[in-house]
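A.B. asks: Below is the sequence, then the predicted model.
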Amino acid sequence: MNQRNFTPELSFKTSRSGGKGGQHVNKVSSKVELRFHVDSSNLLSVQEKAMIKRKLHHRMSVSGHLHITSEKTRSQHRNKQEAIDLFYMLLSQSLVKEKKRIATSIPKGMQERRLKNKRDTAERKQARKKLRPTDYTA
């Protein structure tokens, strides 16, 4: 993905982070939620929007916003930067075109090896069987 500046299209919401931290957690809004509306983006083509929707659907709301949250650090600024970094990473990963898999046939040697292993296993199991009196008749 070429470098595009999505910053004007991003919106942020801060809230109090949960978990450990004592009084600091109770009074500081360090959790950052990044929101990006895919359909209204001017920097993405129609095909790119479709790819993002398909690959990141589990991170999207019904209204079409891509949601990314970060609350790892005690600093709101670092959490915001972390959310932006994650956003760019997810976008670049989702815009990679997948290669089509070309089906190939199983090589002859591999087929023969598999059948030989099956025969060997069958013979080994036959050798383990107890002989019955009817098997002794000649």
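C.D. replies: Structure's in. What do you need? Being a predicted model, the structure only gives us computed values, none of them experimental.
A.B. asks: now for the longest helix seen in the chain, which elements pack on it?
C.D. replies: The helix that spans the most residues within the chain, counting by DSSP state H, is helix 108-128. Applying 3 or more Cβ pairs under 8 Å, 6 or more residues apart in numbering; DSSP states H and E, one finds that helix 108-128 contacts no other helix or strand. C-betas here are computed from N, CA, C, even on glycine.
A.B. asks: What mean pLDDT does it get?
C.D. replies: On average, the pLDDT along helix 108-128 is 95.
A.B. asks: CA atoms only for that helix, dumped as CSV, please.
C.D. replies: Extracted C-alpha coordinates of helix 108-128, given in CSV (Å, rounded to 0.1, in the frame of the first residue of the first chain):
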residue,chain,number,x,y,z
LYS,A,108,3.5,-41.1,-8.8
GLY,A,109,6.3,-41.8,-6.3
MET,A,110,4.2,-40.4,-3.4
GLN,A,111,1.2,-42.6,-4.4
GLU,A,112,3.4,-45.7,-4.5
ARG,A,113,5.0,-44.9,-1.2
ARG,A,114,1.5,-44.4,0.4
LEU,A,115,0.3,-47.7,-0.9
LYS,A,116,3.4,-49.5,0.2
ASN,A,117,3.0,-48.1,3.7
LYS,A,118,-0.6,-49.3,3.7
ARG,A,119,0.5,-52.8,2.7
ASP,A,120,3.2,-52.9,5.3
THR,A,121,0.8,-51.9,8.0
ALA,A,122,-1.7,-54.5,6.9
GLU,A,123,0.9,-57.2,7.0
ARG,A,124,2.1,-56.1,10.4
LYS,A,125,-1.4,-56.3,11.8
GLN,A,126,-2.0,-59.7,10.2
ALA,A,127,1.1,-61.0,11.9
ARG,A,128,-0.2,-59.9,15.3
